[in-house]
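Undergrad: the sequence isn't on hand, but the structure is:
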Ligand SMILES: [Mg+2]
């Protein structure tokens, strides 16, 4: 478990030399939106990621809780992408390796829909490997959403994954940390250091894995107990830092 520490410093802009860059998407590269579909990807971000991919010789991947297919719709620029919190692997050539969908998800989605119908402002997201209850537009429903999700996860032996204004019941067996460890086993990455940037609780296993492998995590957002070594305060600060780091790689 992360422990409270000193305030985290900003990362040096030469951090990406000899690194592999792993990037969370929501809340890290794009601002969180009232609903998952409403996030905005602008030209600045697309240009920046293309430049980083070029200057890192392709040593870059998006590591998100979203399905790989959704990441590719937002960022159609041929990046490697890990989706569903480390349970889906998408190669730059378009191939996707997905774990089996838990059978219980149909029943879980139905139970969540039932709560959502009775609770205005909540919404259900049916993902390849998980079911999500979002309550960003109904913060008062947090306790009811958490209780239902916890019950469903226990009942079906699935993983309970809380996040920012949402809770997910998903396939067990992996997380962003195990995904980063797997990608770093590629022979050509043996001498590289993983750098992982993320904002949410689901990113903590990724920060810990990056540190174990000789790299570092960068927390995006407010100070909190974290396994990250560095911190940037916001999405805008993250984009500015990445632009400066890309310039250092020129
Ligand atoms: Mg995030």
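TA: Happy to help now that I have it. Remember, it's a predicted structure, so these values are computed and weren't measured experimentally. Residues are numbered from 1 along each chain as shown.
Undergrad: count of neighbours near the residue in the chain that the ion sits nearest to?
TA: As assessed by Cβ to the ion, the ion sits closest to residue 27 within the chain, at 3.7 Å. Yep, even glycine has a C-beta here, placed from its N, CA and C like the rest. By other Cβ atoms under 10 Å, 21 other residues sit near residue 27.
Undergrad: tell me the centre residue of this protein?
TA: For the chain, the residue nearest the mean C-alpha position is residue 64 (3.0 Å; Cα atoms, centre = their mean).
Undergrad: excluding its backbone neighbours, what's nearest the residue of the chain closest to the ion?
TA: Leaving out its chain neighbours, the residue that sits closest to residue 27 by Cβ to Cβ, 6 or more residues apart in numbering is residue 199, at 3.8 Å.
Undergrad: show me how this structure divides into domains.
TA: Per the record, the chain has its domains at 19-99+174-248, 105-170, by automatic domain parsing.
Undergrad: export those to TSV and append columns for mean pLDDT.
TA: Output for the domains of the chain, formatted as TSV (pLDDT from 0 to 100):
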stretch	mean pLDDT
domain 19-99+174-248	96
domain 105-170	97
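Undergrad: turn those domains into JSON lines, columns for distance to residue 8.
TA: Below are these laid out as JSON lines (distance: least, Cβ to Cβ, whole Å):
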{"stretch": "domain 19-99+174-248", "distance to residue 8": "4"}
{"stretch": "domain 105-170", "distance to residue 8": "19"}
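Undergrad: ok, the residue nearest to residue 27 - contacts?
TA: Residues counted as contacts of residue 199 (Cβ atoms under 8 Å, 6 or more residues apart in numbering) are 24, 26-28, 164, 219-221.
Undergrad: return the member of the residues you listed nearest to residue 230.
TA: Closest approach to residue 230 among the contacts of residue 199 (Cβ to Cβ): residue 219, at 7.2 Å.
Undergrad: what is the burial count for that closest one?
TA: Using other Cβ under 10 Å, the number of residues around residue 219 comes to 26.
Undergrad: my guess is it meets residue 9, correct?
TA: No - counting by Cβ atoms under 8 Å, residue 219 does not reach residue 9; the two are 11.0 Å apart.
Undergrad: any residues in contact with both of these two?
TA: Shared contacts of residue 219 and residue 9, defined by Cβ under 8 Å, 6+ apart, comprise 230-231.
Undergrad: and the gap between the residue of the chain closest to the ion and residue 198?
TA: Note on residue 27: its distance to residue 198, by Cβ to Cβ, to the nearest Å, is 8 Å.
Undergrad: overlap of the contact sets of the two?
TA: Each of residue 220 lies in contact with both residue 27 and residue 198 under the rule Cβ under 8 Å, 6+ apart.
Undergrad: quick one on the thing from earlier: the domains of the chain: which one's closest to residue 13?
TA: With Cβ to Cβ, the closest approach to residue 13 among those belongs to domain 19-99+174-248: 4.4 Å.
Undergrad: what's around the residue lying closest to residue 53 once chain neighbours are set aside, how many residues?
TA: Sequence neighbours aside, residue 60 is the residue nearest to residue 53 in space, at 5.0 Å (criterion: Cβ to Cβ, 6+ apart). Using other Cβ under 10 Å, residue 60 has 22 neighbouring residues.
Undergrad: also residue 30?
TA: 18.
Undergrad: bridging residues for it?
TA: residue 26 (DSSP bridges).
Undergrad: wait, isn't it in contact with residue 38?
TA: No - using Cβ under 8 Å, residue 30 is not in contact with residue 38; the gap is 10.1 Å.
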